[in-house]
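In: Dropping the sequence and predicted coords here.
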Amino acid sequence: MAEYKAPLKDIRFVMNEVFEAEKLWGSLAGTKETIDMETADAILEEAGKITSTLLAPLSRDADEEGCHFENGKVTVPAEFKTAYKTFAEGGWSGLAGNPDYDGMGMPKMLAAQYEEMLYSADISFGLYISLTSGASLAIDAHASEELKQKYLPKMYSGEWVGAMGLTESHSGTDLGMIRTKAEPNADGSYSISGTKIFITGGDNDLTDNIIHLVLAKLPDAPAGSKGISLFLVPRNSVDDNGVAGENNKVTCGSIEHKMGIKASATCVMNFDGAQGWLVGEENKGLLAMFTMMNYERLSVGIQGFAAAERSYQNAVAYALDRIQGRAATGPVQPEKAADPIIVHPDVRRMLMTMKAFTEGSRGFSTYVARFLDIAKFSDDQEEKKNAEAMVALLTPVAKAYMTDRALDTCITGQQVFGGHGYIREWGQEQLVRDTRITQIYEGTNGVQAMDLMGRKVVANDGQLFEIFASEVTRFIDAELDNPAITHLLKPLAASLERLSDATEFVITSAQNDRNAIGAAAVDYLDLFGLTAYAYIWAKMAKVAAAKADADDFYAVKVKTANFYFSRLLPQTVSLLESIKSGSDEMMSLNQDQF
Ligand SMILES: Cc1cc2nc3c(=O)[nH]c(=O)nc-3n(C[C@H](O)[C@H](O)[C@H](O)COP(=O)(O)OP(=O)(O)OC[C@H]3O[C@@H](n4cnc5c(N)ncnc54)[C@H](O)[C@@H]3O)c2cc1C
């Protein structure tokens, strides 16, 4: 695999120039005292250094070594332990954590950039840290003061890691069917019994304790998803001094042998009367989980495009080096037996598509992270409400569209290598294997599309969609006289029009056809994603165009935007047609005709 280079210039371009981090953080009540650009820049610099020099070089060996389960204990690749120590000492698990419990209190827009570099270096490793941050987020938002004081500082410091226990063998998407039980104890705690499967980092030997957040049902809980509660269950009991001791009847039954992220332990976890504590209110466990889900889902989207970035970097290096055939326009390296494959238009198509989607994803994820920060840190109620609406609308797109395009991109990156992409040596096949899971966990992408189409669009008659559409329209109107990007505004407006048309079509057809939402959902999410990326690319092109004459970096941005608009955005035309074909043909076979 080519050496990973943290794309700091691209990251700074998006965060500082396009989304104006300094202006934003200076304007929010909750960030103006805690972050300045110098600190943010130092954090990016350090993140770039440890991910590219310490972590990325371990990725291949860790994939080969994988995790092991022996005598009831899980071990992770040996070198992960040393790397983890460095990350823990640097406080990276608590980067966005609450400062009241020793977190660093950094905004998500910054944390998102760090996450990209972390996942580009290695998704498996990144999961141990990001699951800890995710679990901490839910504890911070919903647990009692006592639990927060006892657990958060040790999680933020990386002394303990976190894990999320939702899934059971018969209950994946439909969490209402979980069977794990929580029996109240006299001292206010609960006895948790049940088996969870597929638990990322459920057991590992990185730290001396693992803090599980577990969904379970109380004895008198209502049926279905309204009867789910959330519990904090440490693997090892913690005494009053915060010291981890005996096993708390939390054991690993086995680990999965799987396609990718082999250095991430995916565990079957048994809770045999383990002592746990309620987080949030009884029967409101899903609500408590939702607080962190927007963050987690964005994080999974970032996992995807981070791997795609790595695949792109490898593919460019290979395409410049590998010589096969001659350029159609005549030899470019006549002294050699053949030209580098980057001369061929089809290889250019692959590289440009990879570049346009990956950079579009970086822009889009930063855009969503910005709304998460406004929703969390603003004290302007109107602004906060608007940001919450946008987070709700855009989160399923961030999770599903970014990961779908990421897998496409990693496969394209593999294709650039021909047969050398299929064998292990060059690392491209690992990226394909590692990225595949991002479409599945944290809610499958099909279910994300249903969430977007059903809950976020149709359920409120398109009101959330209108907020997004108005923002894009305001941008178009404001830039009409900007000659640098006028050629992008017409296709952006046309694409938004198609998305509005699709929105109206599904809202109307859902009144008479119960399958309308499900039938349209995935195509609708793709149409939404393409249009949202067009908006992001137009914003990036606007900033870049002003500096393109002076600096090639910006000129390349403008050219990539032009490629996105001319070669990728037209897919919106066929998506609208597909959506408008409705559900009839899709549902036309009887079950026994399959
Ligand atoms: C490597 C790995 C790590 C994981 N890590 C964790 C973890 O840390 N914690 C945790 O709790 N879980 C974890 N999971 C579980 C993961 O979140 C689930 O696998 C996922 O939510 C899907 O559930 P399922 O596998 O039971 O599939 P199912 O729910 O059975 O879905 C099967 C198919 O049916 C579709 N489908 C289901 N319901 C609907 C519906 N209502 N409408 C339309 N389509 C539908 C799905 O989209 C999918 O295509 C992990 C899984 C893996 C493989």
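Out: Yep, that arrived.
In: Skip the chain neighbours and tell me the closest residue to residue 258.
Out: Of all residues not flanking residue 258 in the chain, residue 266 sits nearest, at 6.1 Å (CB to CB, 6 or more residues apart in numbering). Heads up, the C-betas are built off the backbone N, CA and C, glycines and all.
In: Sorry, wrong one. I was asking about residue 367.
Out: The nearest residue in space to residue 367 (CB to CB, 6+ apart) is residue 536, at 6.1 Å.
In: Residues of the chain that sit close to the ligand?
Out: Neighbours of the ligand within the chain, by CB under 6 Å from any ligand atom: 164-167, 172-173, 198-200, 258, 266, 437, 440-441, 443-444, 446-447, 450.
In: buried subset of those?
Out: For the residues of the chain next to the ligand, a burial check counting by 16 or more other CB atoms under 10 Å picks out 164-167, 172, 198-200, 266, 437, 441, 443, 446-447, 450.
In: which ones among those are found in strands?
Out: The strands, defined by DSSP state E, take in 164-165, 198-200, 266 from these.
In: for the stretch 51-200 of the chain, what spans make up the helices?
Out: For the stretch 51-200 of the chain, applying DSSP state H, counting those that start in this stretch gives helices covering 59-65, 78-89, 108-121, 123-142, 145-156.
In: Return the most buried member of those.
Out: helix 108-121 (a mean of 27; mean count of other CB atoms under 10 Å).
In: Can you tell me how far the residue nearest to residue 32 when sequence neighbours are not counted is from the ligand?
Out: Among residues not flanking residue 32 along the chain, residue 26 sits closest, at 5.4 Å (CB to CB, 6+ apart). The gap separating residue 26 from the ligand is 37 Å, by CB to the nearest ligand atom, to the nearest Å.
In: hang on, residue 26 packs against residue 35?
Out: No. With contact defined as CB atoms under 8 Å, residue 26 does not reach residue 35; the gap is 9.2 Å.
In: Those two: which is more packed in?
Out: Counted by other CB atoms under 10 Å, residue 26 and residue 35 do not tie: residue 35 has more neighbours, with 24 against 13.
In: How many neighbouring residues does residue 160 have?
Out: Neighbours of residue 160 under the rule other CB under 10 Å: 28.
In: same thing with the one 3 residues further on?
Out: Neighbour count for residue 163, taken as other CB under 10 Å: 28.
In: So what sits opposite it in the bridge?
Out: Beta bridges link residue 163 to residue 212 when assigned by DSSP bridges.
In: And residue 323, by the same measure?
Out: Going by DSSP bridges, residue 323 forms beta bridges with residue 340.
In: pLDDT score for it?
Out: pLDDT for residue 323: 98.
In: so it makes contact with residue 337?
Out: Yes. If you go by CB under 8 Å, residue 323 and residue 337 touch, sitting 6.6 Å apart.
In: if we can go back for a sec, now mean pLDDT too, for the helices of the stretch 51-200 of the chain, in CSV please.
Out: Formatted as CSV, the helices of the stretch 51-200 of the chain follow (pLDDT from 0 to 100):
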stretch, mean pLDDT
helix 59-65, 97
helix 78-89, 96
helix 108-121, 98
helix 123-142, 96
helix 145-156, 98
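In: Generate TSV for those helices, with distance to residue 526 as supplementary columns.
Out: Below are the helices of the stretch 51-200 of the chain laid out as TSV (distance: least, CB to CB, whole Å):
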stretch	distance to residue 526
helix 59-65	30
helix 78-89	35
helix 108-121	22
helix 123-142	23
helix 145-156	37
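In: Now residue 271: which helix or strand?
Out: Secondary structure assignment for residue 271, by DSSP states H and E: strand 266-279.
In: Now do that strand against helix 145-156, angle only.
Out: Orientation note: strand 266-279 sits at an angle of 150 degrees relative to helix 145-156 (axes from the mean of the first three to the mean of the last three CA atoms, to 10 degrees).
In: Output the contacting helices and strands for strand 266-279.
Out: Counting contacts by 3 or more CB pairs under 8 Å, 6 or more residues apart in numbering; DSSP states H and E, strand 266-279 packs against helix 123-142, strand 161-165, strand 190-200, strand 210-216, strand 229-234, strand 250-255.
In: Please identify the buried residues of the helix or strand just after that strand?
Out: Where DSSP H and E defines the elements, the next helix or strand beyond strand 266-279 is helix 285-321. Using 16+ other CB under 10 Å as the test for burial, helix 285-321 gives 285-286, 288-289, 292-316, 318-319.
In: same thing with stretch 563-578?
Out: Buried residues in stretch 563-578 (16+ other CB under 10 Å): 563-565, 568-569, 572, 575-576, 578.
In: Export the residues you listed as JSON lines, with columns for pLDDT.
Out: Output for the buried residues of stretch 563-578, formatted as JSON lines (pLDDT from 0 to 100):
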{"residue": "563", "pLDDT": "98"}
{"residue": "564", "pLDDT": "98"}
{"residue": "565", "pLDDT": "98"}
{"residue": "568", "pLDDT": "98"}
{"residue": "569", "pLDDT": "98"}
{"residue": "572", "pLDDT": "98"}
{"residue": "575", "pLDDT": "98"}
{"residue": "576", "pLDDT": "98"}
{"residue": "578", "pLDDT": "98"}
